[in-house]
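# What would the 3D arrangement of this be:
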Amino acid sequence: MSAPSLNLCIVLSDAKRIIRANRGHFFALGLLFVLPLSFSAIVYPSFSQPTSIISIYNRLLSSSSSTPDPEGEIPPVDKSDVVFTVLYSLFVLMFSLFTTASITHSTWNGFFGRPLKITSSLKSILVSFFPLTATYIVSQLILGLIIFAGGGLAALTYGGILFLGAQTDYGNVYFLVLVVLTTVLLVGLMIYIQVEWFLASVVAVLESKWGFEPLKRSSYLVKGVKWIAFSILIYFALSIGVLSAFYSSSVPSLISNGWISWQFGLLTVLFTVFATALMLYSVAATAVLFIYCKALRGELALELLDEFAPLYVHLPCDADEKVPKVVYVV
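Numbers count the residues shown, from 1 in each chain. A predicted model of the protein is given here:
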């Protein structure tokens, strides 16, 4: 297979084929790990915004007895909100690691038609937990340093302008263009890094590498297929993002007279199911792309040869033969 023949449709089609061929297995994994993650991703933004379900419900209950706050007054930060946000972040991180490890392991075996077992997928979580966690920490530290360096450079530039006595007009069109360009460059750099590290989680699971090594390995594997990695990243990020945003915007209209309507429950179920499917396909598609990247570099044939080597028996060669006979054992 040549690199030009590989595209997004092939990767998504193979991921779909693997999941459909093992529906029961992936349904169980989705129910255990992906469903809690997708449900929290759909519901949490609605509860964390000023127009959340809780705030709307409380305002409806207290509208007759309370007086409105002065306009423009910023409410104090509640400590319980901070604790809840931290716990939610830890919850998302843990279930993301569980989802990545189990589905990646199952997709790898399902791609080659091997039987899939829940126990094997659960064991892969234990084996891959440390490599995934270490890789995640290293990647976040690097991204944090890049953001810190970018912010520090912007602060030094701004300080230098003020030191020279220049007056900064925040409404000046040139200043706004500079801010927009800086933001675009920073976001573009972040996206580029995410594409370079797109296969790092799969490397950590299937090759048991950790730390900086999976990041370097991913950068090597995605050479020549970066547009496919970028397409997968944008496709699922936009799909889940639009789904969550549409759900959050629909919540206020489904609340009336202090009671949460039945449409709200139905909408939550439907959006959770769609988000679960998207997240599951996202991890599976990433693992499929990893397999193709290894195949394009000739690494997959060597691994398969090592795997099936025990099925062959090397017989002693005859006196006039230089190469031993090989018999395949069924």
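# What values do phi and psi take at Asn7?
Per-residue torsions, Asn7: phi -150, psi 180 (degrees, to the nearest 10).
# you'd agree it is up against Ala229?
No: counting by CB atoms under 8 Å, Ala229 is not a contact partner of Asn7; they are 11.8 Å apart. The C-beta positions use only the backbone N, C-alpha and C, and glycine is treated the same way.
# Which one's more surrounded, the two?
Taking other CB atoms under 10 Å, Asn7 and Ala229 do not tie; Ala229 has more neighbours (25 against 13).
# Quick check: the more buried one vs Ile10, distance?
13 Å (CB to CB, to the nearest Å).
# Sketch out the low-pLDDT regions of the chain for me.
Along the chain, the parts satisfying pLDDT under 70 run over 1-4, 45-81, 154, 158-175, 178, 251-262, 301-330.
# What are the boundaries of the helices in it?
Shown for the chain, the helices assigned by DSSP state H span residues 8-21, 23-29, 35-48, 53-62, 79-111, 118-163, 173-196, 200-206, 212-221, 226-250, 262-296, 299-308.
# Deepest-packed of those helices, please.
Mean neighbour count (mean count of other CB atoms under 10 Å) peaks for helix 200-206 among those, with a mean of 27.
# Which strands or helices does that helix pack on?
Counting contacts by 3 or more CB pairs under 8 Å, 6 or more residues apart in numbering; DSSP states H and E, helix 200-206 packs against helix 79-111, helix 118-163, helix 212-221, helix 262-296.
# and the angle from the first one to helix 118-163?
On the basis of axes from the mean of the first three to the mean of the last three CA atoms, to 10 degrees, helix 79-111 is oriented at 130 degrees to helix 118-163.
# same check, this time on the last one
Counting by the same axes, to 10 degrees, helix 262-296 points 90 degrees away from the direction of helix 118-163.
# what inclination does helix 262-296 have with respect to helix 212-221?
70 degrees.
# now for helix 262-296, which elements pack on it?
Helix 262-296 packs on helix 8-21, helix 23-29, helix 35-48, helix 79-111, helix 200-206, helix 212-221, helix 226-250, helix 299-308, going by 3+ CB pairs under 8 Å, 6+ apart.
# And those: which comes nearest Ile191?
Checking the helices and strands packed on helix 262-296 against Ile191 by CB to CB gives helix 226-250 as the closest, at 7.5 Å.
# Mind putting the helices and strands packed on helix 262-296 into JSON lines with distance to Leu132?
Formatted as JSON lines, the helices and strands packed on helix 262-296 follow (distance: least, CB to CB, whole Å):
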{"stretch": "helix 8-21", "distance to Leu132": "20"}
{"stretch": "helix 23-29", "distance to Leu132": "16"}
{"stretch": "helix 35-48", "distance to Leu132": "15"}
{"stretch": "helix 79-111", "distance to Leu132": "5"}
{"stretch": "helix 200-206", "distance to Leu132": "5"}
{"stretch": "helix 212-221", "distance to Leu132": "9"}
{"stretch": "helix 226-250", "distance to Leu132": "18"}
{"stretch": "helix 299-308", "distance to Leu132": "21"}
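# And the ones you listed: which comes nearest Pro131?
Per CB to CB, nearest to Pro131 of these: helix 200-206, 4.0 Å.
# Restrict stretch 227-237 to CA atoms and write it as PDB.
C-alpha atoms of stretch 227-237 as PDB (Å, rounded to 0.1, in the frame of the first residue of the first chain):
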ATOM      1  CA  TRP A 227      -3.300  15.500   6.800                       C
ATOM      2  CA  ILE A 228      -5.200  12.300   7.700                       C
ATOM      3  CA  ALA A 229      -4.300  12.700  11.400                       C
ATOM      4  CA  PHE A 230      -5.400  16.300  11.200                       C
ATOM      5  CA  SER A 231      -8.700  15.300   9.500                       C
ATOM      6  CA  ILE A 232      -9.400  12.700  12.200                       C
ATOM      7  CA  LEU A 233      -8.600  15.200  14.900                       C
ATOM      8  CA  ILE A 234     -10.800  18.000  13.400                       C
ATOM      9  CA  TYR A 235     -13.600  15.700  12.400                       C
ATOM     10  CA  PHE A 236     -14.300  14.200  15.800                       C
ATOM     11  CA  ALA A 237     -13.400  17.400  17.800                       C
END
